[in-house]
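>>> predicted model and sequence below, questions to follow.
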Amino acid sequence: MQLIKKIKSIALVFCCLCLALWGLVSAYQYGTASLSFYQVNNRLTQWRTQESQHCEAEYILAKNEMMSALDKQPNHPLYADTMAQIYEWGAILGYENSQQALGLAIQYYLQATQLRPAWPVSWASLSMVKWRLQEFDDEMLGYLTNADKFGPFKPEVHILFSQLGLALYRNNHPLLINIRPEFERHLALGIRNPSSRQVVINTINNSGLSKQVCRWLRHEESTILKLYECRRQKRKAEQLIIKPTPKS
């Protein structure tokens, strides 16, 4: 009996040691993966704000770090989303074959949506990649629908619909018919939201469609019209009206 108890005690200690070792390994993997993610995320932020501040060696390092993080945490949706962003930037910066890199970006974004289906930014990013690929198909419409469904008030979704809608309008693209109500709604919400306002306004100004936008927004609340200065533009137009010549 004593021998059996001793064996059980040894087995229990061994199991505890194994569990402790497993916990240490998991904690180490989680910690190193998290560190890699934050380092890569800082680089992505730099590329977004200062596109000139990049080099191929830095891009390769970021890609390898994120692949290492995914190997350690393969079911982490944010890591999959970040990996997709890296491939997207690889295409933008010219460090990857554009078609192949954007195809891989779609795969990783889809992986992120499978792990976190209700995250609207991933759906918006998928729509943007389809736009880069000039694939205006049912898949793109599905991604746009999910972005709008899960992120009706997300700044990133406002920006996507505003940029895409204005581009489609300028090019007289038939896809605009399918998203026209959502486009106009996100255009107004994008102007109202402080986090997306400047990007949306810059997009409108660069598109040369200020008059059309003010016409689309004419039924919106006065706050939105004031934020985009539609009233000021209207006054300018009124000043151009030729007044009757006074009689002598």
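Yep, it's here.

>>> ok, which stretches of this structure are strands?
Remark: no strands are assigned in the chain by DSSP state E.

>>> any low-confidence regions in it?
Scanning the chain with the threshold set as pLDDT under 70 gives 1-38, 50-53, 231-248.

>>> how about a cut-off of 90?
1-58, 72, 218-248 (pLDDT under 90).

>>> domain map for it?
55-142, 152-237 (automatic domain parsing).

>>> would TSV of these with mean neighbour count be doable?
The way it works is simple: take the backbone N, C-alpha and C, and place the C-beta from them, glycine included. Listed next are those as TSV, based on neighbours: other CB atoms under 10 Å:
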stretch	mean neighbour count
domain 55-142	18
domain 152-237	17
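
>>> can you redo these as a markdown table with distance to Arg43?
Formatted as a markdown table, the domains of the chain follow (distance: least, CB to CB, whole Å):
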| stretch | distance to Arg43 |
| --- | --- |
| domain 55-142 | 5 |
| domain 152-237 | 19 |
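
>>> please identify which of these is closest to Gln46.
Nearest of those to Gln46, taken as CB to CB: domain 55-142 at 9.0 Å.

>>> ends of that closest one, how far apart?
Domain 55-142 has an end-to-end distance of 35 Å (criterion: CA to CA, to the nearest Å).

>>> let's number from 30 now, not from 1
That works, and once the first residue is 30, the last one we named lands at domain 84-171.

>>> how far is that domain from where the chain is centred?
In this view, domain 84-171 has its centroid 10 Å away from the chain centroid, taken as CA atoms, centre = their mean, to the nearest Å.

>>> can you check stretch 190-199 too?
How far stretch 190-199 lies from its chain's middle: 16 Å, per CA atoms, centre = their mean.

>>> for stretch 115-135, give me every contacting residue.
Contacts with stretch 115-135, where a contact means CB atoms under 8 Å, 6 or more residues apart in numbering, come from 69, 73, 76, 80, 83, 85, 88-89, 91-92, 95, 113-114, 137, 154-155, 157-159, 161-162.

>>> try it again with 10 Å
Outside stretch 115-135, the residues that touch it by CB atoms under 10 Å, 6 or more residues apart in numbering are 69, 72-73, 76-77, 80, 83-89, 91-96, 110, 112-114, 136-138, 154-155, 157-159, 161-162, 164, 168, 172.

>>> check stretch 240-251 too.
Outside stretch 240-251, the residues touching it (CB under 10 Å, 6+ apart) are 191, 194-195, 198-199, 209, 212-214, 216-218, 220-221, 229-230, 232-234, 236, 238, 253-254, 256-263, 266.

>>> that one: end-to-end distance?
First-to-last residue span, stretch 240-251, CA to CA: 16 Å.

>>> check the offset of that stretch from the chain's centre.
Computed by CA atoms, centre = their mean, the separation of stretch 240-251 from the middle of its chain amounts to 26 Å.

>>> in helices only, show me the contacts of stretch 115-135.
Among those, the members found in helices (DSSP state H) are 69, 72-73, 76-77, 85-89, 91-96, 110, 112-114, 136-138, 154-155, 157-159, 161, 168, 172.

>>> okay but Tyr138 is in contact with Ala176, surely?
No. With contact defined as CB atoms under 10 Å, Tyr138 does not reach Ala176; the gap is 11.4 Å.

>>> overlap in contacts of the two?
By CB under 10 Å, 6+ apart, Tyr138 and Ala176 have these common neighbours: 150-157.

>>> tell me the one of these nearest Thr142?
Ser151 (5.0 Å).
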